[in-house]
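Asks: sequence? don't have it. structure:
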């Protein structure tokens, strides 16, 4: 039997290829009705192995990218119409049922596909090798709109590590510490305040009250009270929030 032809074939990580069977992506002249980092590749995606055998039947809205056996996955249904909301010319796609989660190669939902966004929080081992131990799961699209805590942190087994007390976080862990935020998306406005969560201690060590925080070393942080501050507005503090 002839193998199925795919619209797109991309690197799916872990030696696999992620494949699309649709023609939704912008490169074909279609568009999404909202911004998404993978909007060029909106479609119906699955996974094949090196011989072309289908490992995951195409059904996910965006490309799968496996790392160490797991991948963020997006379920939902595309809606199609011309002149979306009467504002734009062209052919537009939108999903009001978009649901993010985390799956393994057998499609077990380690993190249930029920969130408005799930993304990796990157770390590295002592040799500098990339690791993903944790994932940020958002329960509303705007990451805590109007100050509502909209983000939790889960481990790669789906266990809740930090409940819904923050609105956003950084993409990278440094020295087992992570910059977290309340009040909305990080760096989105002066109302958003940043602090630091320590995974080794399992607790918040710097309260979210700064406009910006950069982790300089273990228990050493470069902070500014102004989220748009210039270089002269930054100063160093320790985990006790004492200037150093």
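Replies: That came through, no problem. This is a predicted model, so every value here is computed, not measured.

Asks: next, count neighbours for the residue nearest to residue 166 when sequence neighbours are not counted.
Replies: Nearest residue to residue 166 in three dimensions, chain neighbours excluded: residue 180, at 4.6 Å (Cβ to Cβ, 6 or more residues apart in numbering). Yep, even glycine has a C-beta here, placed from its N, CA and C like the rest. Using other Cβ atoms under 10 Å, residue 180 has 25 other residues around it.

Asks: and if you look at the one 5 residues further on?
Replies: A count of neighbours around residue 185, defined by other Cβ under 10 Å, yields 17.

Asks: and the residue nearest to residue 166, how far from residue 64?
Replies: Computed as Cβ to Cβ, to the nearest Å, the residue 180 to residue 64 distance reads 28 Å.

Asks: what sits against the nearest residue to residue 38 once chain neighbours are set aside?
Replies: Of all residues not flanking residue 38 in the chain, residue 62 sits nearest, at 4.5 Å (Cβ to Cβ, 6+ apart). Applying Cβ atoms under 8 Å, 6 or more residues apart in numbering, we find residue 62 in contact with 36, 38, 41, 42, 43, 45, 74.

Asks: and of the residues you listed, the nearest to residue 122?
Replies: Residue 122 lies nearest to residue 38 out of the contacts of residue 62, by Cβ to Cβ, at 17.6 Å.

Asks: excluding its backbone neighbours, what's nearest residue 137?
Replies: Per Cβ to Cβ, 6+ apart, closest to residue 137 is residue 115, 4.6 Å.

Asks: beta partners for that neighbour?
Replies: With DSSP bridges as the criterion, residue 115 is bridged to residue 100.

Asks: how many neighbours does it have?
Replies: As a burial measure, residue 115 scores 26 neighbours (other Cβ under 10 Å).

Asks: what's the answer for residue 104, then?
Replies: For residue 104, using other Cβ under 10 Å, the count is 14.

Asks: who touches stretch 189-200?
Replies: Contacts to stretch 189-200, defined as Cβ under 8 Å, 6+ apart, come from residues 133-134, 147, 153, 161-162, 166-169, 173, 176-186, 203-213, 215, 221, 223, 226-228, 239.

Asks: and it, how far apart are its ends?
Replies: 30 Å (Cα to Cα, to the nearest Å).

Asks: about what we covered before: go ahead and confirm the residue nearest to residue 137 touches residue 99.
Replies: Yes - between residue 115 and residue 99 there is a contact under Cβ atoms under 8 Å: 6.9 Å.

Asks: which among the contacts of stretch 189-200 end up buried?
Replies: Among those, those classed as buried by 16 or more other Cβ atoms under 10 Å are 133-134, 153, 162, 166-169, 173, 177-186, 205-206, 208, 210-213, 215, 221, 223, 227.

Asks: which of those residues fall in strands?
Replies: Among the buried ones among the contacts of stretch 189-200, the members falling in strands (DSSP state E) are 133-134, 153, 162, 166, 168-169, 177-182, 205-206, 208, 210, 212-213, 215, 221, 223.

Asks: what residues does residue 50 make contact with?
Replies: Residue 50 touches 15, 16, 17, counting by Cβ under 8 Å, 6+ apart.

Asks: no, scratch that, I was asking about residue 207
Replies: Neighbour list for residue 207: 195, 241 [criterion: Cβ under 8 Å, 6+ apart].

Asks: try 7 Å
Replies: Each residue near residue 207 by Cβ atoms under 7 Å, 6 or more residues apart in numbering is listed here: residue 195.

Asks: separation between the nearest residue to residue 61 once chain neighbours are set aside and residue 39?
Replies: Closest residue in space to residue 61, ignoring its immediate chain neighbours: residue 74 at 4.3 Å, by Cβ to Cβ, 6+ apart. Distance, residue 74 to residue 39, by Cβ to Cβ: 12 Å.
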